[in-house]
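Participant: please find the sequence and the predicted model below.
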Amino acid sequence: MIYTAETRKRPGEAAEPIVYRDIPTPLGEMRLVASAKGLRGAWFTDQTLLPSAEGWTRSESDPFLEQARRELDEWFAGQRRDFEVALDPVGTPFQHEVWRALCKLDFGQLASYGELARTVGRPKGAQAIGGAVGRNPVIIIIPCHRVIGADTSLTGFGGGLPRKQALLKHEGSQYLSRNARARRVCDGQAQLPFEQPAFDWPAA
């Protein structure tokens, strides 16, 4: 995966061309956004913080959008575990550091915010890590859904907790920590904040 660390634009700096397309998925419609360098964003279209498409151009032929669509189709179908599309998210240097760390979490592997903080060399920065995780602009492909609370709670997810539960079920999450409490999230013993997932996917 190619990851371009794009920083936020300075005032007065010319805006670059941005293209987007909406695609269907088993968990609802997603919006994919790309720059000339790679995939810039991926959101569910019903997310509260979905950016406005004003100034963007709709495209069904952009190569980054098409590659992301194809790889997501394969991922949802269980035919892919890793993504190869080039990424070009916009964020601060700290956010990029956290997002790169998220990309190193393997399919089915979970981590707590504290563990992620230690990974990036900020063992006391779990709260700041949580802020960066919550601002991940490329959900699923940058796998923020693989981060849970140390107490096994699902915590937050931009696409909603029912979707997060469905994504973890799809991956058959294996918690690789020595933290016995957190491992319970993948063996059915964790208490989830809702009784039934809202999405009948993947099929049992």
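Facilitator: Thanks, I have it.

Participant: now do the same contact list for residue 59.
Facilitator: Under the criterion of Cβ atoms under 8 Å, 6 or more residues apart in numbering, the contact list for residue 59 reads 19-21, 65. C-beta: built from backbone N, CA, C; applies to glycine.

Participant: of these, which belong to strands?
Facilitator: 19-21 (DSSP state E).

Participant: now tell me which helix or strand of the protein has the poorest mean pLDDT.
Facilitator: helix 180-183 (a mean of 49; mean pLDDT, DSSP states H and E).

Participant: tell me which residue is most central in this protein.
Facilitator: residue 139 (2.5 Å; Cα atoms, centre = their mean).

Participant: what helices and strands are in contact with the helix or strand containing residue 96?
Facilitator: For residue 96, the host element (DSSP states H and E) is helix 93-103. Using 3 or more Cβ pairs under 8 Å, 6 or more residues apart in numbering; DSSP states H and E as the contact criterion, the elements in contact with helix 93-103 are helix 113-119, helix 126-134.

Participant: hmm, try it at 10 Å
Facilitator: Packed against helix 93-103 by the contact rule (3 or more Cβ pairs under 10 Å, 6 or more residues apart in numbering; DSSP states H and E) you find helix 113-119, helix 126-134, strand 147-148.

Participant: buried sites along the helix with the most length in the chain?
Facilitator: Taking DSSP state H as the criterion, the chain has its longest helix at helix 63-76. For helix 63-76, the neighbour count (16 or more other Cβ atoms under 10 Å) marks 64-69, 71-72, 75-76 as buried.
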